[in-house]
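>>> I need the structure of the sequence given here:
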Amino acid sequence: TAQNHSEVVVIPDPPTPPNPGVRTNCPHLTTPLLLWNDTSTWTGLATPGPGINVTLPANSNVLVSQSILGVLGYVTVPATSKLIFGENPDGIQFNTQGMNIQGQLVAGSETCLIQTPFTITLYGSRPVDAVTNPQQPIYKGIVVSGALELHGKRYFRTWSRLAKTAMPGDTVLLLQHSVNWEAGQTIVLVTTAMKDSREWDQNEV
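Residues are numbered from 1 along each chain as shown. From the prediction side, this is the model:
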């Protein structure tokens, strides 16, 4: 309590985000769009497969609307092109060894927040000579010289305070604020102790 402490720290509440209302300017609903899974997008060739380096056609907007099987090689988005992620109730998984975004990598907009999950996973092992022979930045990375715009569902609040002490074995947490968290997400409980140490650990996940 304030009576028992020489200093009281007040953590301000974050502002409530505005109601997004009707969605507008959704990149994945614009036209014309080329579909990643359509062979005609790739000049009649087969859809890019595992280990293949991919360069999007120039002056194109390519839509990823479903998961890409396997792990692609390096994906390059030319300066005149866009790689757009859409929505899928089952989620979208995009696996690659690296990405070079010279144009645009887009998911949603400020007025059209993506409501379903999508995941970009970068693959690659650490070379034995990583120190003496550094890899190019695109190796297991996303290099952006163009634009990267990701607009996803807003979870509010991202933190709260307990309204009741959480005891071992509890299956319900009572919070001081309403939240829109979803099943499957991770909650981190931190200690209220001023100091923490390895021998006297109070931080738990």
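>>> residues of stretch 131-149 that come out buried?
Residues of stretch 131-149 classed as buried: 138, 142-143, 146 (neighbour count, 16 or more other Cβ atoms under 10 Å). Backbone N, C-alpha and C define where each C-beta goes, glycine included.
>>> let me redo that: stretch 67-81
Applying 16+ other Cβ under 10 Å to stretch 67-81 flags 68, 71-78, 81 as buried.
>>> okay if I get those residues as CSV plus secondary structure, pLDDT and distance to Leu29?
Below are the buried residues of stretch 67-81 laid out as CSV (DSSP: H, G, I helix; E, B strand; the rest coil; pLDDT from 0 to 100; distance: Cβ to Cβ, whole Å):
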residue, secondary structure, pLDDT, distance to Leu29
Ile68, coil, 92, 20
Val71, coil, 96, 29
Leu72, strand, 96, 25
Gly73, strand, 95, 29
Tyr74, strand, 96, 28
Val75, strand, 97, 23
Thr76, strand, 97, 25
Val77, strand, 98, 20
Pro78, coil, 98, 23
Ser81, coil, 97, 18
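>>> what about this structure, any weak spots by pLDDT?
Low-confidence segments of the chain (pLDDT under 70): 1-7, 44-45, 192-205.
>>> For the residue most central in space within the chain, pull up the helix or strand it's in.
Centroid-nearest residue in the chain: Thr119, 6.2 Å away (criterion: Cα atoms, centre = their mean). Assigned by DSSP states H and E, Thr119 belongs to strand 118-122.
>>> Could you pull out the buried residues of that strand?
118, 120, 122.
>>> Let me have the buried residues of stretch 67-81 in JSON lines, extended by distance to His177.
Rendered in JSON lines, the data for these read as follows (distance: Cβ to Cβ, whole Å):
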{"residue": "Ile68", "distance to His177": "38"}
{"residue": "Val71", "distance to His177": "41"}
{"residue": "Leu72", "distance to His177": "41"}
{"residue": "Gly73", "distance to His177": "45"}
{"residue": "Tyr74", "distance to His177": "44"}
{"residue": "Val75", "distance to His177": "40"}
{"residue": "Thr76", "distance to His177": "44"}
{"residue": "Val77", "distance to His177": "40"}
{"residue": "Pro78", "distance to His177": "45"}
{"residue": "Ser81", "distance to His177": "43"}
